[in-house]
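> Predicted model, plus sequence, below.
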Amino acid sequence: MKQYLAIIVMDIKLALRLRAVIFFNYLFPLIFFFTFATVLRGDSGAMTFVVTMSVTLGVLGSGFFGAGIRSIQERELGILRRYKVTPITPAPLLVGSMITGWAIFIPYIVLLLLMAHFIYAMPLPAHFFELLVFISLGLVAFRSLGLVIASVANTMQEGTILVQLFYFPMLLLSGATFPADKLPKVMRIIHNFVPATYLVQGMRNIMLKGQSLMERENVAAAAVMVLTIVGGTLISMKLFRWEKEEKIRGRAKLWVLVVLAPFIVMGAWQWLHK
C-alpha cells in the first residue's frame, strides 16, 4: 500500500508540472465551454450539450494524452528504467496513473458544473453524486485504454498516430460535438460502436433526463466501462515495458481490440435493437 501511495503522490506532482496535461485536462475543454456557453446562454438543453462536450474533451484528453502519451514519453526518456532497479512491479505505476488522472480531473468537473449553474443558469443535476461516479468510471476506463495504447506503441511517433486514430473519431462520432441524429446513416451505425458514445449518452441521461445511474441503459454503460477498466489494466500489466529498447511485435497491437470488445458488443446490441 505504501508503494501505491508514494507513486500516486509523486505522479500527481509530476502531472501538474506537465503543460500538455494542464492543457488537455483543463484549458482545452474550458476554451470550448466558454465559447459555446456564451453563444448558447439561456437554453438549458443546449447548456447540457456544452457541458457534456467539455467533459468528453477532458476525459479523452486525460485518457489518451494524460495517460497514453505521457507513459510513452516516460519510457522514451528513460524514466521507467529508474523504477526497474527498485523492488516495484508495474501495478503501482499503472494504478497510480489512473488514480492521478481521477484526482486532478474530478475538481474540474465540479468546477464546470458550478460555473454552468451560477454563470449560465443551467440547473444542477438531480443526481449530482451519481453523475460524478459515472464520469469517474468513464475517466478511468479511457485512461486504461490510453495505457494499453502506450503499451503497444514502440515509439512516440507510433503512439501519437494511434492516439489520433482513436481521439478524433471518438470526439466527432460520439455525439459529443455533433448531434448523433444529424450524422449520415453510415456514421450513425458507426456511432453505436464508438466507446465515447456511451459516456456522452450516460451523462445526458443523468443531466437532461434526470435519470438515476441505476436506469438500465446507464447500468449497461457503466458495466461496459468497468469491464474496460479491468481488461485495460490486466493487458497493460501483461505488455508493460520498462525500456524503449524493448520492442513489441506488431500482432500485439491486436490487444487494443480486446480491450475494446465490451464496447463492440454493446454497439452490436444497440444496433440490432434499433
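Structure received.

> Could you pull out the helices in the stretch 51-200 of the chain for me?
70-76, 79-84, 90-118, 128-152, 156-173, 185-191, 195-207 (DSSP state H, counting those that start in this stretch).

> mind checking which of those is nearest residue 214?
helix 128-152 (8.1 Å; Cβ to Cβ). Every residue, glycine included, has its C-beta placed from N, CA and C.

> Tell me how many other residues surround residue 225.
When neighbours are counted by other Cβ atoms under 10 Å, residue 225 registers 25.

> In contact with it, which residues are there?
Going by Cβ atoms under 8 Å, 6 or more residues apart in numbering, residue 225 touches 137-138, 140-141, 198-199.

> do residue 227 as well
By Cβ under 8 Å, 6+ apart, the contact list for residue 227 reads residue 262.

> low pLDDT regions in the chain?
In the prediction, the chain carries residues with pLDDT under 70 at positions 1, 3, 15-21, 24-25, 42-44, 273-274.

> distance of the residue most central in space within it from residue 216?
In the chain, the residue lying closest to the centroid (Cα atoms, centre = their mean) is residue 142, at 3.3 Å. Distance from residue 142 to residue 216, counting by Cβ to Cβ, to the nearest Å: 23 Å.

> same deal with residue 173?
From residue 173 over to residue 216 (counting by Cβ to Cβ), the distance is 24 Å.

> Those two - which one has more neighbours?
Neighbours were counted for residue 173 and for residue 216 using other Cβ under 10 Å; residue 173 has more, 21 against 8.

> how many neighbours does the closest residue to that one other than its chain neighbours have?
Nearest residue to residue 173, sequence neighbours excluded (Cβ to Cβ, 6 or more residues apart in numbering): residue 194, at 4.8 Å. The local packing of residue 194 (other Cβ under 10 Å) involves 23 other residues.

> Over to residue 194: give its phi and psi.
Torsion angles at residue 194 (phi, psi; degrees, to the nearest 10) stand at phi -80, psi 120.

> Kindly provide the distance from it to residue 226.
Distance of residue 194 to residue 226, computed by Cβ to Cβ: 18 Å.

> quick one on the thing from earlier: would you turn the helices of the stretch 51-200 of the chain into a markdown table with distance to residue 22?
Formatted as a markdown table, the helices of the stretch 51-200 of the chain follow (distance: least, Cβ to Cβ, whole Å):
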| stretch | distance to residue 22 |
| --- | --- |
| helix 70-76 | 12 |
| helix 79-84 | 19 |
| helix 90-118 | 9 |
| helix 128-152 | 16 |
| helix 156-173 | 18 |
| helix 185-191 | 31 |
| helix 195-207 | 22 |
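
> so which of the ones you listed gets nearest residue 235?
Taking the helices of the stretch 51-200 of the chain one by one with Cβ to Cβ, helix 128-152 is closest: 5.3 Å.

> between the closest one and helix 90-118, how many degrees?
Counting by axes from the mean of the first three to the mean of the last three Cα atoms, to 10 degrees, helix 128-152 points 140 degrees away from the direction of helix 90-118.
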